[in-house]
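In: sequence plus the predicted model coming up.
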Amino acid sequence: MLEAQGLSKSFYGTPAVTNVSFRVESGEILGFLGPNGAGKTTTMRMIAGFLTPTAGKVTLADVDVAENPILAKRSLGYLPETLALYPEMRVREYVAFRAALCGVPGRDVKARVDEALGKCFVDDVASKPIGNLSKGYRQRVGLAGALVHKPKVLVLDEPTIGLDPRQIVKVRALIRDLRKDHTILLSTHILPEVELVCDRILIIDKGRIVASGTPETLRHQMSQTPSVTVALKGEVPEADGVLRQLPGVSGASRIGAGGETRVTLDGESGTDLREAVFKESVLRGWTLLELTPREASLEDVFVRLVSRDAAVEVDTMPGAVDPDASTPAGGTEARP
């Protein structure tokens, strides 16, 4: 439904995006993650037809965006991070204007506008000027404008930015519901949002895709480097230094905790650290309060993949993408 093939973009000879390829199927929500400056917005603007790729192509509903941009954009609803709204327009007027621009027949405009306003929870401000609305309301007005023509593909760049917690819950539920009729590419900095909403994740760094998979798959890959949390009674200043010397331990970090000592240990692949930690605690007379295997979070995966210090590990990590190829290391396609 949405496919990017070998997308690259350079500005004044400096590459911003290099050889990005992926496909989003009908009814799928793909999360698009990356640090600031990684190339997310550039990629989304190329998909939406606002930027012309230096190389590669985009197809929306099997229509090439470069060859037939008007037809392709009829299948697209785009919510940019920075909204371009008309502050003097009233909400209903603006969404009706968007409907007309997107080719909604005149007889259907009112019904489409009413539906979009209701879905995005802005029907209560339909008669107010956009300039008088809060940032959260303006964000939802932009989303209503992106939805009003019922596009097959939705590209949403930070759709919950500026919303309060109650509104965020509603918009997340809306996005999940929209999958019934839309293919969705979602960019966000809120990692829990990705796990709650998305079926698959792409992580981009320095203009290249570095990993692709479901949240569960990426966490499992990260968990191949075992980690345990150790809690000891009282203050044990030497604990992290001693535990760091145990066989199989690759790193140790102390976690602040009142009245007890907590240390997180990272182990070498295939190592179970619990037995060695238990024996060392008994040997030194420490009172062991907790010894818990720690499952990698999506935040752990993200930080590791975009860390410069982890570059070598990323290249060899299952599911990671070879920087000089459009397929992941190991020969599998970027879309698992």
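Out: Cool, the structure landed.

In: ok, which stretches of the stretch 201-336 of the chain are strands?
Out: Taking DSSP state E, counting those that start in this stretch as the test, the strands found in the stretch 201-336 of the chain are 208-213, 227-233, 249-255, 260-267, 288-293.

In: point out the most buried one among these.
Out: Using mean count of other Cβ atoms under 10 Å, the stretch among the strands of the stretch 201-336 of the chain with the greatest mean number of neighbours is strand 208-213 (a mean of 25). C-beta: built from backbone N, CA, C; applies to glycine.

In: how much space between residue 43 and residue 124?
Out: 35 Å (Cβ to Cβ, to the nearest Å).

In: out of the strands of the stretch 201-336 of the chain, which gets the lowest mean score?
Out: In terms of mean pLDDT, the lowest-scoring of the strands of the stretch 201-336 of the chain is strand 249-255 (a mean of 83).

In: now find how far off-centre that one is within its chain.
Out: Mean C-alpha position of strand 249-255 versus that of the full chain (Cα atoms, centre = their mean, to the nearest Å) differs by 28 Å.

In: in the chain, what helix or strand scores lowest on average pLDDT?
Out: Every helix and strand in the chain was compared by mean pLDDT, DSSP states H and E; the lowest is helix 311-316, with a mean of 40.

In: got any ranges where this structure has weak pLDDT?
Out: Where the chain drops to pLDDT under 70, the residues are 221-225, 256-257, 270, 296, 307-336.

In: and the helices in it?
Out: Residue ranges of the helices in the chain, as given by DSSP state H, are 40-48, 69-73, 91-101, 106-119, 135-147, 165-178, 191-197, 215-222, 239-244, 274-284, 298-305, 311-316.

In: among these, which is nearest residue 16?
Out: With Cβ to Cβ as the measure, helix 40-48 is the member of the helices of the chain nearest residue 16 (4.8 Å).

In: helices or strands next to the closest one in the packing?
Out: Using 3 or more Cβ pairs under 8 Å, 6 or more residues apart in numbering; DSSP states H and E as the contact definition, the elements that helix 40-48 packs against are strand 2-11, strand 14-24, strand 29-33, strand 55-60, strand 76-79, strand 153-157, strand 183-187.

In: of these, which is nearest residue 133?
Out: Ranked by Cβ to Cβ, the member of those that lies closest to residue 133 is strand 76-79, at 15.8 Å.

In: partners of the closest one in the sheet?
Out: If you go by DSSP bridges, strand 76-79 pairs up with strand 153-157 (parallel).

In: which residues touch the partner strand?
Out: Defining contact as Cβ atoms under 8 Å, 6 or more residues apart in numbering, one finds that strand 153-157 is touched by 1-2, 24, 40-41, 44, 47-48, 60-61, 75-81, 143, 146-147, 175, 178, 182-187.

In: just how off-centre is it within its chain?
Out: Taking mean C-alpha positions (Cα atoms, centre = their mean), strand 153-157 and its chain are 12 Å apart.

In: now it against strand 2-11, angle please.
Out: When axes from the mean of the first three to the mean of the last three Cα atoms, to 10 degrees is applied, the directions of strand 153-157 and strand 2-11 differ by 40 degrees.

In: burial measure for residue 14, as a count.
Out: Residues near residue 14, counting by other Cβ atoms under 10 Å, number 8.

In: that one and residue 3, how far apart?
Out: Counting by Cβ to Cβ, the gap from residue 14 to residue 3 is 26 Å.

In: tell me the contacts of residue 126?
Out: Residue 126 makes contacts with 90-92, 117, as judged by Cβ under 8 Å, 6+ apart.

In: which residues touch the nearest residue to it once chain neighbours are set aside?
Out: Once its chain neighbours are removed from consideration, residue 126 has its nearest residue in residue 92; the separation is 4.3 Å (Cβ to Cβ, 6 or more residues apart in numbering). Applying Cβ under 8 Å, 6+ apart to residue 92 gives the contacts 113, 117, 126-127.

In: please apply the same query to residue 77.
Out: Residue 77 makes contact with 146-147, 149, 151, 153-155, 182 under the criterion Cβ under 8 Å, 6+ apart.

In: the residues you listed: which two are farthest apart?
Out: With distances taken as Cβ to Cβ, the most widely separated pair in these is 149 and 155, at 13.9 Å.

In: care to break this structure down by domain?
Out: Structurally, the chain divides into domains by automatic domain parsing as follows: 2-75+151-219, 224-293.

In: between those domains, which one is closest to residue 102.
Out: If you check each of these against residue 102 by Cβ to Cβ, domain 2-75+151-219 wins as the nearest, at 6.8 Å.

In: ok, so of the contacts of residue 77, who is nearest residue 162?
Out: The shortest distance between residue 162 and any of the contacts of residue 77, using Cβ to Cβ, involves residue 146 and amounts to 15.7 Å.
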